[in-house]
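Participant: One predicted model, sequence on top.
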Amino acid sequence: MAAQTHTACVALGANIGEPLRQIEAAFTALAALPGTRVLARSSLYRSAPVGYADQPDFINAVAMIETALAPHALLDALLAIERAHGRVREFPNAPRTLDLDIVLYGDVVLQEPGLTIPHARMLERAFVMLPLAEIAPDAVVPGQGRVSDLARRVDAASVAQLQKILV
């Protein structure tokens, strides 16, 4: 019997080093996770930093994956990918070589130390909601509504689509 799989959405971001190359490498690393395949990937977006403003703009994207990894196992795998790409956590909202966040995991609602699903701040972040709406407009954020509706409510002034991904 095959392992049960779940559809999850992962936000990707980078703003130091070679952000475009790091985001591309992260898509490849996601596809290489055990029991995981990338179902869709958004275009790339440029966004102004949030929180700590004295840093370069970010390159962002969202991947929709199908995975047999449970939420905590997926989080551990994402953290390992970040570390492999030189991620150092100096202070909150610091510049980073790679940031990977689980934003949705099916219809799971989870609030535990170190892991909150849906992502706690996704609804206020255009750099998550715009690429998510691009690839999963009909997905539902548990307790909140459809992604396409929620994305229309976010302030997108500091986010610009860079390139359309041609599949």
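Facilitator: That came through, no problem.
Participant: from here on, contacts and neighbour counts on C-alpha atoms
Facilitator: OK.
Participant: Which pLDDT does the model give Lys164?
Facilitator: Per-residue pLDDT puts Lys164 at 57.
Participant: for Ala70, same thing?
Facilitator: Looking at Ala70, its pLDDT reads 96.
Participant: now the strands for this protein?
Facilitator: Here the chain has its strands, by DSSP state E, at 6-14, 36-41, 44-47, 58-67, 99-105, 110-112, 115-117, 140-141, 145-146, 159-163.
Participant: Walk me through which strands the second one pairs with, and which way each runs.
Facilitator: Strand 36-41 has the following strand partners under DSSP bridges: strand 58-67 (antiparallel).
Participant: Measure how the strand it pairs with sits relative to strand 6-14, angle-wise.
Facilitator: 160 degrees (axes from the mean of the first three to the mean of the last three CA atoms, to 10 degrees).
Participant: when you compare where strand 58-67 runs with where strand 159-163 runs, what's the angle?
Facilitator: Orientation of strand 58-67 against strand 159-163 (the same axes, to 10 degrees) gives an angle of 70 degrees.
Participant: thought Phe58 was touching Arg46?
Facilitator: Yes. The pair Phe58 / Arg46 is scored as a contact, 5.5 Å apart, by CA atoms under 8 Å.
Participant: So these two - more neighbours on which side?
Facilitator: Neighbours per residue, other CA atoms under 10 Å: of Phe58 and Arg46, the larger number sits with Phe58, 25 against 20.
Participant: remind me which residues of this protein are low pLDDT?
Facilitator: Scanning the chain for pLDDT under 70 picks out 1-2, 52-53, 87-95, 163-167.
Participant: quick one: contacts for Glu82?
Facilitator: Residues in contact with Glu82 (CA atoms under 8 Å, 6 or more residues apart in numbering) are 97-100.
Participant: make it 10 Å
Facilitator: Contact analysis of Glu82 by CA atoms under 10 Å, 6 or more residues apart in numbering lists 22, 26, 29, 76, 88, 96-100.
Participant: Among the residues you listed, name the ones in helices.
Facilitator: In helices, judged by DSSP state H, the following of the contacts of Glu82 are found: 22, 26, 29, 76.
Participant: For Pro142, state which of those is nearest.
Facilitator: For these, the residue nearest Pro142 by CA to CA is Asp76; the value is 22.9 Å.
Participant: and the closest one, how far is that from Asp101?
Facilitator: Remark: distance between Asp76 and Asp101 (CA to CA, to the nearest Å) = 11 Å.
Participant: Neighbour count for the two, which is higher?
Facilitator: Using other CA under 10 Å, the more surrounded residue of Asp76 and Asp101 is Asp101, with 21 against 13.
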